[in-house]
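K.L.:
Pasting the sequence and the predicted model now:
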Amino acid sequence: MSDAAVIDLADLWRRSLEHLQHELTGAAQRTWLAETEPVGFSHGTVYLAAPHPFAREQLDLRYGDTLRSALSHAAGESVEVVITVRAAPAPEASQSPDASAPSDADRSPADGPALEPRAARSEQGSEPGPEAFPSQQTAGPPLNDKYTFDRFVIGASNRFAHAAAFAVAEAPAKAYNPLFVYGGAGLGKTHLLQAVGHYAVNLYPRLRVRYVTSEQFTNEFIDAISNGRQVPFQRRYRDVEVLLIDDVQFLATRERTQEEFFHTFNALHNAEKQIVISSDRPPKQMGQLEERLRTRFEWGLITDIQPPDLETRLAILRKKSAQEHLHVPPEVLELIANRISSNIRELEGALIRVTAFASLQGTEPTLGLAQTVLKDLFPETSTNEVSVSLIMSETARYFGMTVEELCSSSRTRQLVNARQVAMYLARELTDLSLPKIGDAFGGRDHSTVMHANRKVAGLMKERHALYDQVQELTSRIKTSAQSAG
Ligand SMILES: Nc1ncnc2c1ncn2[C@@H]1O[C@H](COP(=O)(O)OP(=O)(O)OP(=O)(O)O)[C@@H](O)[C@H]1O
């Protein structure tokens with residue numbers, strides 16, 4: 001079942017529920033499933049929205065495997081499941097304390113049902129899925145053709161952000177409004193924002209979508225003031241159904257532009273238009289942002305993108321090589337993925353540099369050549385200073401046990417879990433081979449390490465709690481390595 005293929009989500013969910021009747025007690029179904037609904041399907045993953053965070057946690061922890069197998073059964077093939085939380089209804093406009101919000105008369109004249117899907121997706125037959133083609137109908141700076149959902153590799157680090165963006169693109173202003181995505185440089189925020197634009201505009205051909213960076217918004221606003229053309233400026237931003245505003249952190253230091261954006265936000269939100277925002281930090285950490293804007297940013301859903309894990313970095317490199325028709329041996333991709341961990345732009349840059357260098361030399365991109373190129377580009381980073389013994393001691397401390405217990409042959413559940421996490425981190429954070437890692441963990445076989453690695457990588461996609469633990473531990477380990485070095 002590819003994304004572009006026909007999928008009737010409601011029917012898939014109905015059949016899964018039928019299957020679950022035999023698997024779960026009536027009470028479990030009523031408590032956890034009655035108000036849970038399917039909100040999207042992409043890249044072999046079904047997205048469900050639970051009514052509140054507690055339901056999501058319970059579904060995730062207690063019924064994750066059962067749900068996945070019921071949905072896979074209904075789909076006729078293996079699918080992944082991601083559970084999100086349905087957005088709380090936005091506050092009533094009348095609750096807004098701000099009297100200066102624009103009146104109806106100022107609002108965009110956008111009327112009529114822009115949200116008429118191109119066609120019911122279940123009737124699309126062999127038509128390509130909306131993300132298969134880039135959009136042409138957007139206002140403002142054109143969207144980058146390459147920033148579509150089908151080019152976005154999903155991993156544990158961006159799964160929730162992707163799920164939320166996808167839900168918004170499928171039903172603008174119905175899922176989360178605003179959607180606020182934050183994360184470090186080069187982690188895919190712009191890509192996700194623009195993917196929302198492409199997807200939505202292809203699904204709803206009459207939809208007006210505008211993508212803008214907050215810097216462009218500021219510049220246009222300054223121009224509008226100096227030319228006395230505020231009205232056309234306001235119309236431009238309020239006459240849209242989806243506003244995608246990138247790098248909003250730049251607004252924090254601009255008082256007047258903030259004020260203008262505040263009114264734009266209100267006009268759009270009151271008129272039930274979708275706003276998607278990206279930033280390098282969460283609203284709470286935007287020190288100079290006015291409180292009333294910060295509150296509004298927190299109305300909908302806030303989700304982060306973290307640096308990708310090794311598996312995702314490799315998947316991104318593989319996808320990129322295939323798209324660009326680059327022939328790069330797997331060991332070179334591994335080297336790049338191992339060396340560059342915190343910025344996907346740099347990851348892609350390294351791939352391009354290695355292949356470009358090889359082509360200039362008239363040779364193949366071999367491991368030796370890649371090592372030379374990468375050494376110049378990215379001098380050794382602190383990740384190489386992380387030792388397996390440091391990983392073991394930090395992990396043991398984190399889980400409240402000793403290193404001896406961690407390496408022992410005991411198979412209590414708690415020990416096995418901690419051991420598998422430590423093995424996963426050893427694979428992620430060091431250059432050691434599987435057998436060497438196995439040796440360090442009390443002489444275990446390389447296949448045990450491989451199994452642990454796969455298991456933790458797999459579970460991290462489903463269990464946010466485990467993902468958070470691994471993130472937290474990684475940062476503790478890196479901090480200790482730095483202070484030791
Ligand atoms: N999950 C992903 N799958 C495939 N490519 C990705 C992914 N995430 C990011 N990229 C690619 O990495 C590059 C950088 O991404 P992008 O510009 O969206 O990052 P950003 O978070 O907006 O960065 P900045 O904060 O610096 O603006 C782009 O070429 C993008 O296509």
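P.N.:
Done, it's in.
K.L.:
What are the buried residues along the host helix or strand of Glu311?
P.N.:
Element membership of Glu311 [criterion: DSSP states H and E] is helix 310-323. The neighbour-count check on helix 310-323 (16 or more other C-beta atoms under 10 Å) flags Leu310, Glu311, Thr312, Arg313, Leu314, Ala315, Ile316, Leu317, Lys320, Ser321 as buried. The C-beta positions use only the backbone N, C-alpha and C, and glycine is treated the same way.
K.L.:
quick one: contacts for the last one?
P.N.:
If you count contacts by C-beta atoms under 8 Å, 6 or more residues apart in numbering, Ser321 has them with His327, Val328, Leu333, Leu351.
K.L.:
quick one: it and Leu333, what's the gap?
P.N.:
7 Å (C-beta to C-beta, to the nearest Å).
K.L.:
tell me the phi and psi of the closest residue to Gly197 other than its chain neighbours?
P.N.:
Excluding its sequence neighbours, the residue lying closest to Gly197 (C-beta to C-beta, 6 or more residues apart in numbering) is Val209, at 4.6 Å. Note on Val209: its backbone torsions stand at phi -120, psi 140 [degrees, to the nearest 10].
K.L.:
What is the burial count for Val209?
P.N.:
Using other C-beta atoms under 10 Å, the number of residues around Val209 comes to 27.
K.L.:
and the closest residue to the ligand within the stretch 351-485 of the chain, what element?
P.N.:
As assessed by C-beta to the nearest ligand atom, the ligand sits closest to Ile352 within the stretch 351-485 of the chain, at 10.4 Å. Taking DSSP H and E as the criterion, Ile352 maps to helix 344-361.
K.L.:
same check, this time on Ala426
P.N.:
Using DSSP H and E, Ala426 falls in helix 413-429.
K.L.:
quick one, that helix and helix 310-323 angle?
P.N.:
40 degrees (axes from the mean of the first three to the mean of the last three C-alpha atoms, to 10 degrees).
K.L.:
Buried residues of helix 413-429, list them for me.
P.N.:
So for helix 413-429, counting by 16+ other C-beta under 10 Å, buried means 415, 417-429.
K.L.:
how close does the spatially closest residue to Ala175 that is not a sequence neighbour sit to the ligand?
P.N.:
Distances taken as C-beta to C-beta, 6+ apart place Ala167 nearest to Ala175, at 4.1 Å, with adjacent residues excluded. Distance check for Ala167 against the ligand: by C-beta to the nearest ligand atom, to the nearest Å, it reads 17 Å.
K.L.:
Please apply the same query to Gly184.
P.N.:
Distance from Gly184 to the ligand, by C-beta to the nearest ligand atom: 7 Å.
K.L.:
What pLDDT does the model give that residue?
P.N.:
Per-residue pLDDT puts Gly184 at 90.
K.L.:
Who are the contact partners of it?
P.N.:
Contacts of Gly184 (C-beta under 8 Å, 6+ apart): Asp280, Ile305, Pro307, Ser342, Asn343.
K.L.:
now these in CSV, with secondary structure and pLDDT?
P.N.:
Formatted as CSV, those follow (DSSP: H, G, I helix; E, B strand; the rest coil; pLDDT from 0 to 100):
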residue, secondary structure, pLDDT
Asp280, coil, 92
Ile305, strand, 95
Pro307, coil, 92
Ser342, coil, 83
Asn343, coil, 89
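K.L.:
Buried members of those residues into ChimeraX, please.
P.N.:
Selection of the buried residues among these in ChimeraX, burial being defined by 16+ other C-beta under 10 Å:
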select :280,305,307,342,343
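K.L.:
out of the contacts of Gly184, who's near the ligand?
P.N.:
When contact is defined as C-beta under 6 Å from any ligand atom, the contacts of Gly184 meet the ligand at Asp280.
K.L.:
Quick check: of the contacts of Gly184, which lies closest to Ala175?
P.N.:
Closest approach to Ala175 among the contacts of Gly184 (C-beta to C-beta): Ile305, at 17.8 Å.
K.L.:
so who does the closest one touch?
P.N.:
Ser157, Asn158, Ala161, Val181, Tyr182, Gly183, Gly184, Leu187, Gly188, Lys189, Leu192.
K.L.:
Then Arg294?
P.N.:
Pro283, Lys284, Met286.
K.L.:
And Leu369, by the same measure?
P.N.:
Contacts of Leu369 by C-beta under 8 Å, 6+ apart are Val354, Phe357, Ala358, Gln361, Thr363.
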